[in-house]
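Asks: Next one to model:
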Amino acid sequence: MLRGIRNASSNWLGKTLMTIVMGLLIVAFGIWGIADIFHGFGQSTLATVGGTEISTEQFRQIYTDRLQQIGRQLGRSLPPDQIKALGLDRQVLQQVIAETALDEDARRKGLNASDEEIRRQIMSDPNFKGANNVFDPARFAGLIRQMGYTEQRYVAEQRHTTLRREIAGTVAAGVEPSKTLLDMLNRFQNEQRTIDYIKLGAAQAGAIDPPTQEQLTSYFDAHKVQFRAPEFRKIAFVVMTPEEIAKRTTVSDDDARKLYENRKDRLSTPEKRQLWQILFPSLAEAQAARTKIAGGASFDDIAKERGLAASDTELGTISKSEIIDPTAAEAAFSLKPGEVSQPIQGKFGVALIKVGKIEPGNQPTYDSLAAKLKHDIAVDRARASVNDLHNKMEDERGGGASVVEAAKKLGLTAVTIDAVDRSGRAPDGKPVTGIPPGIDLIGQAFASDVGVDNEALQIGNNGFVWFDVLGVTPSRDRSLDEVKDKVEARWRDDQISSRLIAKAADMVRKLDQGGKLADEAAGLGLKLESAKAFKRDATDGLAAAVVAAAFRTAKGKAGQAPGAGNDEWVVFRVTDVKDPPLDLASDEMKKLKDGLQRSLSDEDIGQYIARLENEIGTTVNQAAVAQVTGATSNN
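Replies: Residues are numbered from 1 along each chain as shown. You can find the predicted model right below:
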């Protein structure tokens with residue numbers, strides 16, 4: 001997920017979208033969710049908003065809480081470098097100032113939320129309701145305590161949140177996207193285009209002679225940065241998880257057999273039978289029906305006589321334990337496939353049961369499960385020892401021991417990676433194996449340095465990784481001899497690409513002068529293909545660059561764009577453009593309208609808060625902010 005975030009924010013559009021997403025996520029906490037109240041003034045001041053001071057310690061608590069909230073939404077905590085890269089430290093500060101400005105505005109306007117209203121909100125919150133859908137005081141107390149709140153603090157924060165909502169709701173009241181804006185967005189999202197196209201490949205670039213030494217040297221000098229050796233780091237780390245500790249734990253066969261016997265019923269697969277049943281009001285009627293079956297009538301014939309459909313008689317393919325009536329279960333599981341029982345006097349009346357397909361049960365042997373059972377026991381035992389080992393590891397590290405030394409003393413296995421770059425690759429370009437999943441160990445190592453005592457990284461709820469940076473190999477320029485094969489391959493790719501671009505441009509010129517794409521395809525021995533009625537978000541069949549170019553090209557005109565690989569170029573003609581009708585009653589447009597309305601409301605609220613901050617006066621101690629977030633002060 002985090003790699004996806006980094007990739008998504010690698011271009012201007014991605015950065016814009018990530019800023020909007022993260023900005024709205026954080027603003028939502030302050031205006032529409034629970035926010036922190038400021039109290040205990042007189043400490044070192046981090047910011048002043050109107051007549052309210054925000055102390056350094058208060059912001060530290062808020063900052064930590066916000067990052068934990070975001071971490072829970074992402075499913076893992078964010079390392080410091082990614083927090084700064086995404087600008088979350090600045091956004092949290094802006095959010096806190098905005099919340100305080102709204103609180104100050106509420107005080108100046110004399111707004112207040114009654115105790116009865118706050119009580120009603122809390123008691124109607126579904127999170128605090130028990131199994132009977134009624135407010136549960138014990139559940140309420142437990143949940144807010146779990147989140148680190150006292151009842152008094154939670155009630156105070158709810159009061160602030162309510163007043164902020166009232167102000168925000170008033171500011172955004174009546175905001176509604178215009179029909180013109182909806183129509184423009186509908187056209188952008190749902191316009192469909194059809195194109196005919198051909199794919200030019202390396203064969204159409206013609207023969208490319210090997211480069212001369214002068215050409216290769218010139219190309220290398222112009223693109224030297226592309227062949228530069230990255231910075232490498234030597235890392236030692238130790239993983240402490242129940243699974244890792246379990247690898248060194250020996251479990252006896254006796255213990256594993258005990259677990260096997262305890263789990264035997266759960267490990268087995270019971271026999272299942274396909275069953276049909278007809279209930280009768282009396283034993284005499286059931287017996288008469290059974291006599292007819294003995295005389296040649298089918299079970300289905302009896303069901304039809306009684307006006308029963310197939311769904312009325314079929315019980316499905318079930319196990320013996322799934323049959324509620326023990327007498328019926330015994331009878332059903334004593335029959336052979338295709339047999340019909342004698343009348344059965346059960347709990348729910350007299351029944352005839354027919355057996356269809358039988359699926360045999362399975363009881364795995366101890367030997368087939370021994371390895372897994374021993375692993376499960378070892379993990380359970382290791383889970384209990386992780387915290388103890390964690391404390392011992394921290395003691396060793398606190399005493400000055402390196403990760404390798406501490407691991408050796410505690411009987412843990414330390415792993416050393418001699419060289420890895422930021423992308424997780426070794427000097428040979430291959431991905432480094434053995435790096436623990438679920439944490440950004442490489443990113444953390446490149447954010448550290450040799451000799452730094454790094455904090456343990458947490459894996460899930462019960463695992464840790466300690467690491468040391470043992471060495472740094474700086475990035476450097478490579479010589480041509482070191483990368484000659486790569487330089488030659490890149491030069492050849494560029495030659496192919498340049499020729500294909502020129503050829504495609506010439507074809508587009510001919511097509512716009514009246515030429516036919518089918519004739520161009522035939523002349524090159526290429527297949528003429530079509531892509532029909534695709535939208536801007538099309539992902540199947542066409543490269544994204546081709547889709548984007550098609551939507552920039554007028555109907556009847558030709559265009560070109562890179563294809564799926566470096567040696568592919570696409571020439572196309574737009575043959576049809578379909579403008580979507582605007583249906584304001586459709587579910588899609590309702591969702592689009594709601595999203596736009598929320599965005600416009602957030603924009604209006606943001607402008608109101610900015611003007612409010614300017615009117616009441618806002619000052620920020622950047623040095624104190626840097627102390628809390630670890631950023632560099634701007635002062």
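
Asks: If we ignore the residues flanking it in sequence, what's nearest V96?
Replies: The shortest distance from V96 to any non-neighbouring residue, by Cβ to Cβ, 6 or more residues apart in numbering, is to I62 (5.6 Å). C-beta: built from backbone N, CA, C; applies to glycine.

Asks: Tell me how many other residues crowd the one you found.
Replies: 23 (other Cβ atoms under 10 Å).

Asks: in a helix, that's where it is, yeah?
Replies: Yes: under DSSP: H, G, I helix; E, B strand; the rest coil, I62 falls within a helix.

Asks: Check what pLDDT it gets.
Replies: pLDDT, I62: 83.

Asks: Looks like it contacts I97 (just checking).
Replies: No: in this structure, I62 is not within contact of I97 by Cβ atoms under 8 Å, at 10.9 Å.

Asks: Would you map the strands across the stretch 351-500 of the chain?
Replies: 414-420, 457-459, 463-473 (DSSP state E, counting those that start in this stretch).

Asks: got it, and the stretch 101-250 of the chain?
Replies: So, for the stretch 101-250 of the chain - with DSSP E, counting those that start in this stretch - the strands run 192-200, 232-240.

Asks: Distance to R381 for those strands - can I get that in CSV?
Replies: Output for the strands of the stretch 101-250 of the chain, formatted as CSV (distance: least, Cβ to Cβ, whole Å):
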stretch, distance to R381
strand 192-200, 60
strand 232-240, 14
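
Asks: Compile these into JSON lines and extend it with columns for distance to L93, mean pLDDT and mean neighbour count.
Replies: JSON lines is the format used below for the strands of the stretch 101-250 of the chain (distance: least, Cβ to Cβ, whole Å; pLDDT from 0 to 100; neighbours: other Cβ atoms under 10 Å):
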{"stretch": "strand 192-200", "distance to L93": "45", "mean pLDDT": "95", "mean neighbour count": "21"}
{"stretch": "strand 232-240", "distance to L93": "32", "mean pLDDT": "94", "mean neighbour count": "22"}
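
Asks: so which of those comes closest to A101?
Replies: Checking those against A101 by Cβ to Cβ gives strand 232-240 as the closest, at 44.2 Å.

Asks: quick one: the closest one to strand 414-420, angle?
Replies: Computed by axes from the mean of the first three to the mean of the last three Cα atoms, to 10 degrees, the angle separating strand 232-240 from strand 414-420 equals 160 degrees.

Asks: could I get strand 232-240 in PDB with only the CA atoms?
Replies: Output in PDB follows, covering the C-alpha atoms of strand 232-240 (Å, rounded to 0.1, in the frame of the first residue of the first chain):
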ATOM      1  CA  PHE A 232      24.300   1.100  -1.000                       C
ATOM      2  CA  ARG A 233      24.000   0.300   2.700                       C
ATOM      3  CA  LYS A 234      25.200  -2.600   4.700                       C
ATOM      4  CA  ILE A 235      22.500  -3.600   7.200                       C
ATOM      5  CA  ALA A 236      22.300  -6.100  10.100                       C
ATOM      6  CA  PHE A 237      18.900  -6.900  11.500                       C
ATOM      7  CA  VAL A 238      17.200  -9.400  13.700                       C
ATOM      8  CA  VAL A 239      13.500 -10.400  13.500                       C
ATOM      9  CA  MET A 240      11.700 -11.300  16.700                       C
END
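
Asks: Specify the angle between that strand and strand 463-473 in degrees.
Replies: Using the same axes, to 10 degrees: strand 232-240 against strand 463-473 is 160 degrees.

Asks: So for the longest helix anywhere in the chain, what gets flagged as buried?
Replies: Counting residues, the longest helix in the chain under DSSP state H turns out to be helix 366-398. Along helix 366-398, these residues count as buried under the neighbour rule (16 or more other Cβ atoms under 10 Å): 369-370, 373-379, 382-383, 386, 389-390, 393, 396-397.

Asks: do the same with stretch 589-596
Replies: Under 16+ other Cβ under 10 Å, the buried positions of stretch 589-596 are 589, 592-593, 596.

Asks: Now the two most distant members of those residues.
Replies: Top of the distance list for the buried residues of stretch 589-596 (Cβ to Cβ): M589 and L596, 10.2 Å.

Asks: list residues touching both of the two?
Replies: Counting by Cβ atoms under 8 Å, 6 or more residues apart in numbering, the shared contacts of M589 and L596 are L182.

Asks: ranking the strands of the stretch 351-500 of the chain by burial, who's on top?
Replies: Greatest average neighbour count among the strands of the stretch 351-500 of the chain goes to strand 463-473 (a mean of 20), per mean count of other Cβ atoms under 10 Å.

Asks: Relative to that strand, what are the paired strands and their orientations?
Replies: Paired with strand 463-473 in the same sheet, following DSSP bridges, are strand 232-240 (antiparallel), strand 457-459 (antiparallel).

Asks: Go through those strands and name the closest to E166.
Replies: When the strands paired with strand 463-473 are compared by Cβ to Cβ, strand 457-459 sits nearest E166, at 39.9 Å.

Asks: Now do the closest one: everything it contacts.
Replies: 77, 239, 241, 436, 438-439, 441, 444, 464-467.

Asks: just those residues now: which is nearest L517?
Replies: G438 (50.6 Å).

Asks: give me the number of residues near that closest one?
Replies: Counted with other Cβ under 10 Å, G438 comes out at 14.

Asks: do the same with I496
Replies: 22.

Asks: which residues touch it?
Replies: Contacts of I496 (Cβ under 8 Å, 6+ apart): 202, 205, 208, 566-567.

Asks: Find the residue closest to it in space, skipping its chain neighbours.
Replies: I496 sits nearest to A205 (Cβ to Cβ, 6+ apart), 4.4 Å away.

Asks: and what of K510?
Replies: K510 sits nearest to E520 (Cβ to Cβ, 6+ apart), 7.1 Å away.

Asks: Could you measure from that neighbour over to A561?
Replies: Plainly put, E520 is 16 Å away from A561 if you go by Cβ to Cβ, to the nearest Å.
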